[in-house]
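[1] Below are the sequence and a predicted model; questions follow.
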Amino acid sequence: TDSRVEISRPILVKGMFSSHHLYEIDLKPKITGDIIRHRYSHFVWLYKHLVATCPGTPVPPLPPKDFNFLNASKDERFIEARRRGLGIFLQYLTQVPYLFKSPGVQAFFTMTGRPYDSQAKLLDKKSDIDALCDYMVRFEDHLKMSGGGST
């Protein structure tokens, strides 16, 4: 596809006990009119989801969460390097059509916040069911080939 991804400078969201960065993602051409924001853990989920559901397909690694837990959120060079690395990851996904069209990637580029979290949970459950079905087919084939009975 001829898509371009830009990630704006992250916003630091401070909570009572922890804080995290939110990255605003701008995909052109746009899929939705909504502003899409994700935290780093969403990128991690997407990476793991693609590795699990697209076996054998190269998925580029993510930049690390942090090098120094206490100071990473304050280190401007680290924040910029991670932002650029996340942008490269997303740009790659837009260039591989069967990855870009996957439900996980589409959810990532069209949903944010609680709707995204809900969709990710649904996709995780679907992935587990699909994996179980694939396993059962392989197991049944193994039984048939080994003469271990029919189902």
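    Great, that's in hand.
[2] Quick check: the gap between the residue positioned nearest the centre of the chain and residue 105.
    Nearest to the mean C-alpha position of the chain, by Cα atoms, centre = their mean, lies residue 46 at 1.2 Å. For residue 46, the distance to residue 105 equals 7 Å [Cβ to Cβ, to the nearest Å]. To be clear about C-beta, it is placed using only N, CA and C from the backbone, and glycine gets the same treatment.
[3] Kindly report the same for residue 78.
    Residue 78 sits 26 Å away from residue 105, going by Cβ to Cβ.
[4] ok, the two, which is more surrounded?
    In this view residue 78 and residue 105 are compared by other Cβ atoms under 10 Å, and residue 105 has more residues nearby, 20 against 17.
[5] Make sure the more buried one is actually in contact with residue 99.
    Yes. Here residue 105 lies in contact with residue 99, judged by Cβ atoms under 8 Å, at a distance of 5.9 Å.
[6] hey, what's in contact with both of those two?
    With contacts taken as Cβ atoms under 8 Å, 6 or more residues apart in numbering, the residues that reach both residue 105 and residue 99 are 50, 93.
[7] Now do the strand or helix carrying residue 126: which elements does it pack against?
    Per DSSP states H and E: residue 126 is located in helix 113-146. With contacts defined as 3 or more Cβ pairs under 8 Å, 6 or more residues apart in numbering; DSSP states H and E, helix 113-146 has these neighbours: helix 40-53, helix 103-110.
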